[in-house]
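Novice: show me how the following folds:
(4 chains)
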Number of protein chains: 2
Amino acid sequence: MGAQDDDSGAPRQRDGDPDRTPPDEATAGRQGAERARARNNNGTGTVPQADAAADGPGGGSRDHTTGRWPSIRGPRTGARATSRDVARVAGVSQATVSLVMGEKWRGRVSERTAEAVRSAARSLGYRPNLAARNLRLGRARTALLVVPALTNEFFARVHTGAARVAAEHGVGVLLYPSPEGVGPARDPFASARATLDGIIASSMAADALAAIREGGLPLVMLDSDPQRAETAATVNFDVAEGMRQVTEHLLALGHRRFTHLAADVDSWTFHVRARALADALRRVPGTELHTEPAALAVADGLRAAERALTRPGARPTALICDDDILAAGACKAARRLGLRVPDDVSVTGFDDLSLATAVEPELTTVRLPAEAVGEAGMRALLAVLDDRPAAAHALPVELVVRGSTSNSPG
Amino acid sequence: MGAQDDDSGAPRQRDGDPDRTPPDEATAGRQGAERARARNNNGTGTVPQADAAADGPGGGSRDHTTGRWPSIRGPRTGARATSRDVARVAGVSQATVSLVMGEKWRGRVSERTAEAVRSAARSLGYRPNLAARNLRLGRARTALLVVPALTNEFFARVHTGAARVAAEHGVGVLLYPSPEGVGPARDPFASARATLDGIIASSMAADALAAIREGGLPLVMLDSDPQRAETAATVNFDVAEGMRQVTEHLLALGHRRFTHLAADVDSWTFHVRARALADALRRVPGTELHTEPAALAVADGLRAAERALTRPGARPTALICDDDILAAGACKAARRLGLRVPDDVSVTGFDDLSLATAVEPELTTVRLPAEAVGEAGMRALLAVLDDRPAAAHALPVELVVRGSTSNSPG
DNA sequence: GTGAAAGCGCTAACAG
DNA sequence: CTGTTAGCGCTTTCAC
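Specialist: The predicted model follows:
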């Protein structure tokens, strides 16, 4: 099988072994060169001429013909030490290094040897090669988080929570930048970019999921329909309860004419909010509810609120918004129309982003524990990956009353 | 070398080959079982008893003794096909599959064969194993982005830009959640969680870098001191020019008494701003400049502005803030003190976050193209990795005049 | 208590 | 045009 020429250690000469011209230089030439390169050659190895030659004429810019990604071959300045290097320095076998570095040595390797390995590793700046470990282990300790734009503070918080829990468990988080708006992901290979163990996805990113689901990885859904069966677990907010609380709050302040500035997103969480609002008002005679859809941006909230406040008929006294961003826009609209918030019109938000306290008046809103949902989602995924049952979650929400709501003027 | 028992394909029985009791069951037992597990065994493989036994008593919750991460062994529902499976189905060699999937087949594999491979891959739902590819290639097509909390919209935008360019080049982005505030990263191994090709870091995350720099990977710094030599490239905003423009704008409006609400962060970008402001004012006789430090949060901006506006002596007529968040806080402070913005006091921000147009009055601010810096940073890193020179950048900034500034009252 | 060996799935050189 | 082969660096048995 002719494999003996390498395992002897010859090509890895550190300072010893300067001899041993390979017995079959002629045939092993190019192959050896390739290997030396691929290895991030550790030795001083003045690479033989064969190397440059093997790269083809010029050795520089090929690849233009293939249309493949550009090379990324980079200098990789500090050639990386492998466990074999550590073994050689420590005077032990490579397996022992693996045992020690993996903290699996107790009772199998003497304390003295372990320390020798550790110090050799330290001196060489050894860090295990994750690709190799993942390959061997068949998993990557990596989870994919699929959310809409992180520029939305809410999802940035979800990420923060998920990343924290992941870090505590030695798991990495890869973000999938779910395409803005709709449509399946452009690049189906994006999901393959890393080896993944599982996926956490927001309902708002549901569109991207079709492209991602390939592979049948465990999926934890966030803030989405618990009925959907294909998921390993679902972690939700009790948004219906939140909406009920907002409504009760406004009803108690005497409001009867409401407009719902509804997020223009086809997602479970917003359907639930709309229904909870309608249900809560249906129980109270003499109430009125209109709905204005709006994209999740200040300018759109502003326009929707303008429509709501200028439509024929009695003006609503309360604008219930699906989101703080919308609510900020609504406040601006009110003031542009010469109305005061909250004296002439009350406005409520949802999420309790930092925006809620940055604007004036500060927003009465429903606080959704975004980080907590990220944490719970990651915990659920870890549980599933660990064959433990994932606890079902509906995280409690909380009405936060601030300055944007007051007694109904009418 | 006794390796022939596998390459025959026996353990991978799809529906054929139900025979072939391994010739050396007795000795290969545990090893075979281990292999079957590690492989995400494709076959129907009712795993032999030896498997359960190999796991130790109960087969369930060991690991408690070792203190290692919990298992993550998960069911991995759809056992993943390998290139060998594809090869078998397509009736070609495994190498051919690799060629075809890697789009390197032109002129080497017939169109007919290539199509056969592709259809086999499709039918098996084959996706190449990235860990294996990375291991073989010695790189991971992955860059680490080190920024402070993504909940700051500015950094979320940087990420967006970087991730977009990365995606266009088939490169993944891993986020390093630089620890809030200070101190080196808690978990030095976090950086090893993936195999990395390079690093992009914000100057505000400079603290975390010490922990990350290990490995000598190419480093691109964002918005930081171009003098620092250890970096492969630096991508900056022309923040000095931005500060000059703000100052000129306010001077033109007649302002002479300024307070700088300075970000309480020891970072190049803020030092530059402070200096540019001082320089611009020094040239104009009769101007006054105080500085109030503040953490980057609305509440801190508010407090700092309160201090600035209530300190003994003539009140400043303009508050120049290092950040829109600070500016939002400053506006709130002014109003709490019964001052109108901009009539009594002008306020300016920096960044042009969405917050700048969410508040009222909308903020006059310096727009920093955050996504562009992310894009340029990633491009620079890709260039370095590709042995191309990275173009030096100082991205242009732009003063955006809105409602928070007007003629000086005094 | 330590070492030898196999092999994870892939790529690329080379032989046919 | 296709197949054979070596081996990336690691983990884990099993033999000593």
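Novice: after the lowest-mean-pLDDT helix or strand in chain A, heading C-terminal, what element do we hit next?
Specialist: Lowest mean confidence among the helices and strands of chain A (mean pLDDT, DSSP states H and E): helix A:49-54, at a mean of 28. Using DSSP states H and E, the next helix or strand after helix A:49-54 towards the C-terminus is helix A:83-90.
Novice: got the buried residues for that next one?
Specialist: Counting neighbours by 16 or more other C-beta atoms under 10 Å in any protein chain shown, one finds that the buried residues in helix A:83-90 are A:83, A:85-90. (Each C-beta comes from the backbone N, C-alpha and C, glycine too.)
Novice: any residue of it touching DNA strand D?
Specialist: Yes: using C-beta under 7 Å from any atom of the strand, helix A:83-90 comes into contact with DNA strand D via A:83-84.
Novice: can you list contacts of the following helix or strand past that helix?
Specialist: Next in sequence after helix A:83-90, counting helices and strands by DSSP H and E, comes helix A:94-101. Defining contact as C-beta atoms under 8 Å, 6 or more residues apart in numbering or on different chains, one finds that helix A:94-101 is touched by A:83-84, A:86-87, A:90, A:105, A:108-109, A:113-114, A:117-118, A:121, A:126, A:128.
Novice: from those residues, pick the one nearest chain B.
Specialist: A:Pro128 (7.0 Å; C-beta to the nearest C-beta).
Novice: three-state assignment of that closest one?
Specialist: coil (DSSP: H, G, I helix; E, B strand; the rest coil).
Novice: nearest spatial neighbour of it, chain-adjacent residues omitted?
Specialist: A:Met101 (6.0 Å; C-beta to C-beta, 6 or more residues apart in numbering or on different chains).
Novice: same question, A:Thr247
Specialist: With sequence-adjacent residues excluded and distances taken as C-beta to C-beta, 6+ apart, A:Thr247 is closest to A:Ala280, at 4.0 Å.
Novice: how many neighbours does A:Arg108 have?
Specialist: Applying other C-beta atoms under 10 Å in any protein chain shown, we find 11 residues neighbouring A:Arg108.
Novice: check the one 4 residues further on too.
Specialist: Residue crowding around A:Arg112 was assessed by other C-beta under 10 Å; the count is 8.
Novice: show the backbone phi and psi for it.
Specialist: phi -60, psi -50 (degrees, to the nearest 10).
Novice: show the pLDDT at it.
Specialist: For A:Arg112, the model assigns a pLDDT of 89.
Novice: what does the stretch 251-400 of chain A put close to chain B?
Specialist: Residues of the stretch 251-400 of chain A lying close to chain B by C-beta under 8 Å from any C-beta of the partner chain are A:297-299, A:325, A:328-329, A:331-332, A:335, A:354-355, A:357-360, A:382, A:384-387.
Novice: ok, back up a step: surely the residue nearest to A:Thr247 is in a helix?
Specialist: Yes: assignment of A:Ala280 by three-state DSSP places it within a helix.
Novice: let's verify A:Ala376: helix, strand, or coil?
Specialist: Per three-state DSSP, A:Ala376 ends up helix.
Novice: so who does A:Thr195 touch?
Specialist: A:134, A:139-140, A:142, B:129-131.
Novice: any chance of the residues you listed in a markdown table, with neighbour count too?
Specialist: Output for these, formatted as a markdown table (neighbours: other C-beta atoms under 10 Å in any protein chain shown):
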| residue | neighbour count |
| --- | --- |
| A:Asn134 | 24 |
| A:Arg139 | 22 |
| A:Ala140 | 24 |
| A:Thr142 | 23 |
| B:Asn129 | 20 |
| B:Leu130 | 24 |
| B:Ala131 | 24 |
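Novice: please report the number of neighbouring residues for the residue in the stretch 151-300 of chain A that DNA strand D sits nearest to.
Specialist: For the stretch 151-300 of chain A, the residue closest to DNA strand D is A:Gly170, as judged by C-beta to the nearest atom of the strand, at 12.0 Å. Number of residues near A:Gly170 (other C-beta under 10 Å) recorded here: 15.
Novice: next one: A:Gly125
Specialist: A:Gly125 has 12 nearby residues by other C-beta under 10 Å.
Novice: kindly report the same for A:Glu111.
Specialist: 9.
Novice: and the pLDDT for A:Arg335?
Specialist: pLDDT, read off for A:Arg335, is 96.
Novice: ok, now which ones touch the closest residue to it other than its chain neighbours?
Specialist: Spatially, and ignoring its direct neighbours in sequence, A:Arg335 is nearest to B:Glu360 (6.5 Å; C-beta to C-beta, 6+ apart). Counting by C-beta under 8 Å, 6+ apart, B:Glu360 touches A:331-332, A:335, A:359-360, B:403.
Novice: of these, just say which sits nearest to DNA strand D.
Specialist: Nearest member of the contacts of B:Glu360 to DNA strand D, counting by C-beta to the nearest atom of the strand, is A:Val359, at 50.9 Å.
Novice: from DNA strand C, how far off is the closest one?
Specialist: Distance, A:Val359 to DNA strand C, by C-beta to the nearest atom of the strand, to the nearest Å: 51 Å.
Novice: now A:Ala163: which helix or strand?
Specialist: Assigned by DSSP H and E, A:Ala163 belongs to helix A:153-168.
Novice: just the angle between whichever helix or strand comes after that helix and helix A:153-168, please?
Specialist: Downstream of helix A:153-168, the first helix or strand assigned by DSSP H and E is strand A:172-177. Relative orientation of strand A:172-177 versus helix A:153-168 (axes from the mean of the first three to the mean of the last three C-alpha atoms, to 10 degrees): 160 degrees.
Novice: strand A:172-177 near chain B anywhere?
Specialist: Yes: applying C-beta under 8 Å from any C-beta, one finds strand A:172-177 in contact with chain B at A:172-175, A:177.
Novice: what about the strands in the stretch 151-300 of chain A?
Specialist: Ranges of strands within the stretch 151-300 of chain A are A:172-177, A:198-202, A:219-222, A:233-237, A:257-263, A:288-294, based on DSSP state E, counting those that start in this stretch.
Novice: what's in contact with the fifth one?
Specialist: Contact with strand A:257-263 is made by A:247, A:250, A:270, A:273-274, A:277, A:281, A:287-296, A:301, A:304-305, A:308-309, A:314-323, A:326-327, A:330, A:410, as judged by C-beta under 8 Å, 6+ apart.
Novice: residue contacts, the residue lying closest to A:Pro396 once chain neighbours are set aside?
Specialist: In space, and not counting its chain neighbours, A:Pro396 is closest to A:Asp238: 5.9 Å by C-beta to C-beta, 6+ apart. By C-beta under 8 Å, 6+ apart, the contact set of A:Asp238 is A:394-397.
Novice: go through stretch A:256-264 and flag the buried ones.
Specialist: A:256-263.
Novice: now stretch A:244-252
Specialist: A:244-247, A:249-251.
Novice: do the same with stretch A:216-231
Specialist: Buried residues in stretch A:216-231 (16+ other C-beta under 10 Å): A:217-225, A:231.
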